[in-house]
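1. Here you go, sequence then predicted model.
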Amino acid sequence: MDILIVVEHRDGQVASINFELAKAVEGKGEACFLVASKEAAPLLEQLKGYGVKKAIQVDHENLAHYDPNSLTSVVQKVVQEKGFSLVLAGHTSFGWDLMPKLAMALEGSISTNVISFAKDGDSWMVERPSFGEKLVSKERLKKSPYLLTVAPGAFPEAEKGEGDLEIESVTLDVAAPAWEFQGVESGSTGEDVNLEDAEIIVSGGRGLKEKEKFEEVIRPLAETLGAAIGASRPVVDDGWLPRAHQVGSSGKVVKPKLYMAIGISGQTQHIAGMKNSQCIVAINKDKEAPIFDYAHYGVVGDLFEIVPKLTEKIKELKG
Ligand SMILES: Cc1cc2nc3c(=O)[nH]c(=O)nc-3n(C[C@H](O)[C@H](O)[C@H](O)COP(=O)(O)OP(=O)(O)OC[C@H]3O[C@@H](n4cnc5c(N)ncnc54)[C@H](O)[C@@H]3O)c2cc1C
């Protein structure tokens, strides 16, 4: 087998990025999922039918909660024992955390935020955005094993079809983490922010002027639409929302069905995080704002007038 996809999962659900990775490897070699967990079987069920035909499962008590050290040692052993030459994970907080550590452990070569990759002789050529998304750089990875974090939205999700997974169970010793799990707190607002898998995101920017107005204008619209709340970096830097809400090159990369950018100018660092959204709606009083270059629908006007009316109208339509 050539390609290993390290499966990202949380609370018993596999992340949607795994289905994009399944699409990304189509035609590039024989691929295999690696599911490392306390109980891999329910996760493997969710991975059936996406074109990847094989999976390796590693079940261990000490994999109950994500620990980069334990997971690095598991993936390292699997890669070395089975001879995988290409290892993939999403360019998500999971991939950012795990893959550099793994590259060090395997003494391989790594490229991050990759938007395309192809085999070229004995090496892999990759493309990735650089200089705040202003350029796309082409890189040749020369030292095997090759590790990539793939940008969310760079590939569509593989479609679910028929087909089973041939599963190999591997038994490994996994050291206990050097910490004891005490629980998870998901941000100071107590919200569970899973922007990466959200279908609708309502994002606000500096145009909201202050935290109270952000809450007054953005939150009701988001609640009416059943949307997750995103933000540009200044909103987070000013402490209106926790960092987990930030969209962009130094925040989350998202690809919802609908992304609403409200009072956001559309600087390249923000665009880097949301440009693969299926439908982008921008509301901005400046008709020259760069966000309109990316928006499918744009409204030029004062957000403080438009958004409350829009929220009321949607409530009315929903009955
Ligand atoms: C290394 C680095 C990393 C970065 N990473 C990120 C990142 O991950 N995410 C990110 O977002 N930024 C990031 N930035 C910051 C980025 O460059 C921009 O500064 C930021 O995105 C701007 O945020 P904004 O659009 O909310 O604010 P502004 O650029 O100030 O835009 C506010 C917009 O609101 C509009 N507006 C104002 N009042 C109203 C009104 N009443 N009605 C309608 N519209 C109104 C204005 O016309 C304007 O377009 C990064 C910068 C650097 C240097």
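-> Okay, I see it. Numbers count the residues shown, from 1 in each chain.

2. dump the residue contacts of the closest residue to D59 other than its chain neighbours.
-> Counting by CB to CB, 6 or more residues apart in numbering, A40 is the residue found nearest to D59 once chain neighbours are left out, at 5.2 Å. Bear in mind the C-beta positions are built from the backbone N, C-alpha and C, glycine included. Residues in contact with A40 (CB atoms under 8 Å, 6 or more residues apart in numbering) are 57-59.

3. And for G226?
-> Taking CB under 8 Å, 6+ apart as the test, what G226 contacts is I200.

4. So the residue lying closest to E26 once chain neighbours are set aside: helix, strand or coil?
-> Leaving aside its chain neighbours, E26 sits nearest to G51 (6.1 Å; criterion: CB to CB, 6+ apart). Look at G51: counting by DSSP: H, G, I helix; E, B strand; the rest coil, its state is coil.

5. So that it lines up with my notes, have the first residue be 7 from now on.
-> Got it, first residue is 7 now, which makes that one G57.

6. wait, isn't G57 in contact with E163?
-> No: the pair G57 / E163 is not scored as a contact, 10.6 Å apart, by CB atoms under 8 Å.

7. Pull up the overlap in contacts between the two.
-> 28-29.

8. Adding distance to the ligand, pLDDT and neighbour count, write the contacts of A46 out as a markdown table.
-> Formatted as a markdown table, these follow (distance: CB to the nearest ligand atom, whole Å; pLDDT from 0 to 100; neighbours: other CB atoms under 10 Å):
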| residue | distance to the ligand | pLDDT | neighbour count |
| --- | --- | --- | --- |
| Q63 | 35 | 98 | 20 |
| V64 | 34 | 98 | 21 |
| D65 | 37 | 97 | 17 |
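
9. Just name the closest of the residues you listed to L323, please.
-> Q63 (46.3 Å; CB to CB).

10. how far away is the closest one from E216?
-> 50 Å (CB to CB, to the nearest Å).

11. how deep is S117 tucked in, by neighbour count?
-> 22 (other CB atoms under 10 Å).

12. Which ones among the contacts of A46 map onto strands?
-> Counting by DSSP state E, these place 63-65 in strands.

13. Near the ligand, which residues of the stretch 157-306 of the chain? Just list them.
-> Contact residues, the stretch 157-306 of the chain versus the ligand (CB under 6 Å from any ligand atom): 211-213, 238-240, 252-257, 269-271, 273, 275-276, 279, 289-292, 295.

14. What's the ChimeraX line that selects buried ones from those?
-> To isolate the buried members of those in ChimeraX, using 16 or more other CB atoms under 10 Å:
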select :211,212,213,238,239,240,252,253,254,255,257,269,270,271,273,275,276,279,289,290,295
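
15. Inside helices: which ones of the residues of the stretch 157-306 of the chain next to the ligand?
-> 239-240, 275-276, 279 (DSSP state H).

16. Which pair of these spans the longest distance?
-> P240 and G279 (14.0 Å).

17. My guess is P151 contacts V85. True?
-> Yes: using CB under 8 Å, P151 is in contact with V85, at 5.8 Å.

18. Give the intersection of the neighbour lists for these two.
-> 93, 112.

19. Now do P74 against the ligand, distance only.
-> 23 Å (CB to the nearest ligand atom, to the nearest Å).

20. Could you tell me which residues make contact with that residue?
-> Neighbours of P74 in contact, by CB under 8 Å, 6+ apart: 103-104, 107.

21. what comes up buried for stretch 106-121?
-> In stretch 106-121, counting by 16+ other CB under 10 Å, buried: 106-109, 111-112, 114-121.

22. ok, the residues you listed vs W185, which is closest?
-> Distance to W185 across these (CB to CB) is lowest for K107, with 16.0 Å.

23. Now do the phi/psi pair for that closest one.
-> Dihedral pair for K107: phi -60, psi -40, per degrees, to the nearest 10.

24. wait, isn't it in contact with T78?
-> Yes: look at K107 against T78 with CB under 8 Å: they come within range, at 4.9 Å.

25. my guess is K219 meets P314, correct?
-> No: K219 is beyond contact range of P314, at 11.0 Å (criterion: CB under 8 Å).

26. what does stretch 318-325 rub up against?
-> Contacts of stretch 318-325 (CB under 8 Å, 6+ apart): 227, 230-231.

27. Give me the subset of the residues you listed lying in helices.
-> 227, 230-231.

28. Go through the residues you listed and say which is closest to the ligand.
-> The shortest gap between the ligand and any of the ones in helices among the contacts of stretch 318-325 belongs to L227, at 13.6 Å (CB to the nearest ligand atom).

29. mind showing which ranges of the protein have poor pLDDT?
-> By pLDDT under 70, the weakly predicted segments of the chain are 7, 138, 191-198.

30. Where do the domain boundaries of it fall?
-> Here the domain parsing of the chain from automatic domain parsing is 9-175, 201-324.

31. what about those domains, which gets the closest to V190?
-> domain 9-175 (8.7 Å).

32. Can you name the helix or strand that Q86 falls in?
-> Using DSSP states H and E, the element containing Q86 is helix 74-88.

33. Could you find the closest non-adjacent residue to F100?
-> Per CB to CB, 6+ apart, closest to F100 is E14, 4.4 Å.
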